[in-house]
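Enquirer: this is the structure alone, sequence omitted:
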């Protein structure tokens, strides 16, 4: 169905361009200079680009709709003031810590050992723990 639609638009546009190039409005375009073929090629390319764009957007929309139907979108559930157990890739575990926030370094700021984006945790005794986000294996809510 989509192919038929594009074919009809292609034929309509190409005949309109051919009539306009010849200056003929009666439908008898007798231009023999060979420029009609370029109009067909350009129209075909433009239609293929438009078709590719539309089909890509439709496919992405359909995948997103299917994914949301099967697995609903989870909201960002890490909240300030809630106790968590944080387990690192090394196996180290921080029990009942609160998330204070994230430290982002400025571009002109020099960082120690190239640690950017530290995750800041607070223990029950008030001590702060600075952890690289990449080193966190998972966070468990207590």
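Expert: All right, it came through fine. Just so it is clear, the structure is predicted and the values come from calculations on it, not from any experiment.

Enquirer: quick check: pLDDT value at residue 19.
Expert: On pLDDT, residue 19 comes in at 54.

Enquirer: ok, longest helix in this protein?
Expert: Secondary structure assigned by DSSP state H gives helix 36-70 as the longest helix of the chain.

Enquirer: and whichever helix or strand comes after it, which residues are buried?
Expert: Next helix or strand after helix 36-70 toward the C-terminus (DSSP states H and E): strand 83-88. Neighbour counts using 16 or more other Cβ atoms under 10 Å place 84, 86, 87 of strand 83-88 among the buried residues. In this view, the C-beta of every residue, glycine as well, is placed from N, C-alpha and C.

Enquirer: next: stretch 92-103.
Expert: Applying 16+ other Cβ under 10 Å to stretch 92-103 flags 94, 97, 98, 99 as buried.

Enquirer: any stretches of this structure with poor pLDDT?
Expert: 1-35, 105-116 (pLDDT under 70).
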